[in-house]
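S.K.: need coordinates for the below:
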Amino acid sequence: MFESLSTKLDAVFKRLAGRGRLTEKDVDEALREVRVALLEADVHFRVVRDFVASIRERAVGSEVLQSLTPGQHVIKIVHEELIKLLGTQAKLGKAMFPPTVIMLVGLQGSGKTTTAAKLALHLRKEGGRPVLVAADVYRPAAIDQLVALGKQLSIPVFEMGAKADPVDIVQKGLSFAREQGATAVILDTAGRLHIDEELMQEVVRIREKVTPQEVLLVVDAMTGQDAVRAAGEFHEKVNITGLILTKMDGDARGGAALSVRSVTGVPIKFLGTGEKSDALEPFYPDRLASRILGMGDVLTLIEKAQENFDQQKAQEMERKMRTATFTLEDFLDQLQQVKKLGSLTDIIGMIPGMQGMARKLPAGALDDRQLKRVEAIIYSMTPTERRRPDILDGSRRRRIAKGSGTTPADVNQLLNQFDQMKKMMKQYSQMLSGGKGKRLPFGMPRF
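M.R.: Here you go, the predicted model:
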């Protein structure tokens, strides 16, 4: 989402860092470029104005201008102001007596129904017992979509069809949730293509009847300033308590994510980062600020790995890598584990310092279709071939290429890369287990 903005800000900061001592003119020139980069990213002009003014007020102080590393001071200030702009982390409110009622509102197409299912799954992972209520009676197939998602995730869904009154649906849905012993009820309310009085009156009626603990506005982060305007109007009418930004994995400019919190004054609570049911992350302003500035987000990467990686499998893989005995089956298993963490671009973006290196890679190097191609090649092998790739002669390679929809050259490339990886692991294993006083490659001493 923020790749273009990150690239531009990175270029500005590199120039600052290379200038040694800074003058007030240097700071103003850099902030002018920051202002342009933010406006091009579709950040609201008032947000940009206040943001840049706050940075300048701190950056032209004697502590920065007389510092031996003024460029680093300015980056630190930008990072801190960006965190302030994004707001503080806010958790979901809870009812004194269960269930907690969470009402989702938003425009049609923002991903409200999918987000309802994602949020339910998130709450269940935290030990809760959520129930979904299908109260969108206007959008075709909205009820069917929520029922299908609930069935897929084994989460109860209450629905009364498309002819029932939405207020009646949510009241009876709340009673159903109490009978089920639910800890949370998530209301999927109707949206419109644009704000209108009928939509707002219905949302107000529902809010008055069930008095939810949370009214979360689901905002499509790819819609730019339209999302900011919609957020302002919803907040004025129904007093929203939080925001969920969806489609944060898209390639839009991302300005809405930086503007909407500032304009509404309510906290961002979750980010939707993909289409899968588990692609919903709690919002951490410091982590998002670090990603935007190309500093990575190691904590989120670690949390994703802990959630998706099998500890026992990881230990077994470590043993196989240490002894250089892992096979193509193991390699395939690792690819599938990595895919659970998100796209290659997302993973690289979470590793500090890797964004700049990623930009230098050839076009398509981080394309997730490359992983699918590798998977297809390995799946086209027999179990014996995966365990013993040394038996793959020309005819077998041609058969594998045909079965995977690739070319023999693609198969050869994968096998060569796999062979190089095994050699590297063998060398690394020997390096770790070597005796004291012997020399490592490149003249490095052993410890």
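S.K.: in the stretch 151-300 of the chain, what spans have low per-residue confidence?
M.R.: 224, 249-254, 257, 294-300 (pLDDT under 70).
S.K.: all strands for it, in order.
M.R.: Shown for the stretch 151-300 of the chain, the strands assigned by DSSP state E, counting those that start in this stretch span residues 157-158, 184-189, 214-220, 242-246, 268-272, 280-282.
S.K.: does anything pack onto the third one? Which helices or strands?
M.R.: The criterion is 3 or more Cβ pairs under 8 Å, 6 or more residues apart in numbering; DSSP states H and E, and the helices and strands that strand 214-220 contacts are strand 100-105, helix 225-238, strand 242-246, helix 255-264. From N, CA and C alone the C-beta is placed, and that goes for glycine too.
S.K.: how about the second one?
M.R.: Packing contacts for strand 184-189, counted by 3+ Cβ pairs under 8 Å, 6+ apart, involve strand 100-105, helix 112-125, strand 130-135, helix 166-179, helix 197-210.
S.K.: 6 Å instead, please
M.R.: strand 100-105, helix 112-125, strand 130-135, helix 166-179 (3 or more Cβ pairs under 6 Å, 6 or more residues apart in numbering; DSSP states H and E).
S.K.: out of the ones you listed, flag the one nearest Thr325.
M.R.: Among the helices and strands packed on strand 184-189, helix 112-125 comes nearest to Thr325, with 34.6 Å by Cβ to Cβ.
S.K.: quick one: mean pLDDT over the closest one.
M.R.: Across helix 112-125, pLDDT averages out at 93.
S.K.: same thing with stretch 73-88?
M.R.: 82.
S.K.: and it, how far out from the chain's middle?
M.R.: 20 Å (Cα atoms, centre = their mean, to the nearest Å).
S.K.: pull the CA atoms of that stretch into PDB?
M.R.: Extracted C-alpha coordinates of stretch 73-88, given in PDB (Å, rounded to 0.1, in the frame of the first residue of the first chain):
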ATOM      1  CA  HIS A  73      17.500  13.400  14.200                       C
ATOM      2  CA  VAL A  74      15.100  14.500  11.500                       C
ATOM      3  CA  ILE A  75      14.100  10.900  10.600                       C
ATOM      4  CA  LYS A  76      13.500  10.200  14.300                       C
ATOM      5  CA  ILE A  77      11.200  13.300  14.500                       C
ATOM      6  CA  VAL A  78       9.300  12.200  11.400                       C
ATOM      7  CA  HIS A  79       8.800   8.800  12.800                       C
ATOM      8  CA  GLU A  80       7.500  10.200  16.100                       C
ATOM      9  CA  GLU A  81       5.200  12.600  14.400                       C
ATOM     10  CA  LEU A  82       3.900   9.900  12.100                       C
ATOM     11  CA  ILE A  83       3.100   7.700  15.100                       C
ATOM     12  CA  LYS A  84       1.300  10.700  16.700                       C
ATOM     13  CA  LEU A  85      -0.700  11.200  13.400                       C
ATOM     14  CA  LEU A  86      -1.700   7.500  13.300                       C
ATOM     15  CA  GLY A  87      -3.000   7.700  16.900                       C
ATOM     16  CA  THR A  88      -2.700   5.300  19.800                       C
END
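S.K.: give me the contact list for it.
M.R.: For stretch 73-88, contacts defined as Cβ atoms under 6 Å, 6 or more residues apart in numbering pick out 13, 16, 51, 54-55, 58-59, 64, 67, 261, 267, 285-286, 288-289, 293.
S.K.: how about 8 Å then?
M.R.: With Cβ atoms under 8 Å, 6 or more residues apart in numbering as the test, stretch 73-88 has contacts from 9, 13, 16-17, 22, 27, 30, 34, 47, 51, 54-55, 58-59, 63-64, 67, 258, 261-262, 267-268, 285-286, 288-290, 292-293, 295.
S.K.: would you map out the domains in this structure?
M.R.: The chain is divided into the following domains under automatic domain parsing: 3-86, 100-293, 302-433.
S.K.: tell me how far Leu332 lies from Ile378.
M.R.: 5 Å (Cβ to Cβ, to the nearest Å).
S.K.: which one's more surrounded, the two?
M.R.: More neighbours surround Ile378 than the other of Leu332 and Ile378, with 23 against 17 (other Cβ atoms under 10 Å).
S.K.: residues in contact with that one?
M.R.: Per Cβ under 8 Å, 6+ apart, neighbours of Ile378: Leu328, Glu329, Phe331, Leu332, Arg386, Leu414.
S.K.: tell me which element it is part of?
M.R.: Using DSSP states H and E, Ile378 maps to helix 369-379.
S.K.: run the chain-centre distance for that helix.
M.R.: Chain-centre distance of helix 369-379: 24 Å, with Cα atoms, centre = their mean.
S.K.: check which element follows that helix along the chain.
M.R.: Heading C-terminal from helix 369-379, the first helix or strand you meet, by DSSP H and E, is helix 383-387.
S.K.: show me what contacts Lys172?
M.R.: Phe158, Met160.
S.K.: Ile378 versus that one, what's the distance?
M.R.: Taken as Cβ to Cβ, the span from Lys172 to Ile378 is 51 Å.
S.K.: just the buried members of the contacts of stretch 73-88?
M.R.: 9, 13, 16, 22, 27, 30, 34, 47, 51, 54-55, 58-59, 64, 258, 261-262, 267-268, 285-286, 288-290, 292-293, 295 (16 or more other Cβ atoms under 10 Å).
S.K.: residue closest to the middle of this structure?
M.R.: The centre of the chain sits closest to Thr273, judged by Cα atoms, centre = their mean, with a distance of 3.7 Å.
S.K.: looking at the helices and strands packed on strand 184-189, which is nearest to Leu199?
M.R.: Once these are compared by Cβ to Cβ, strand 100-105 is nearest, at 8.9 Å.
S.K.: next one: phi and psi at Lys276?
M.R.: Backbone torsions for Lys276, taken as degrees, to the nearest 10, come to phi -70, psi 160.
S.K.: pretty sure Met222 contacts Lys247?
M.R.: Yes - under the criterion of Cβ atoms under 8 Å, Met222 makes contact with Lys247 at 4.9 Å.
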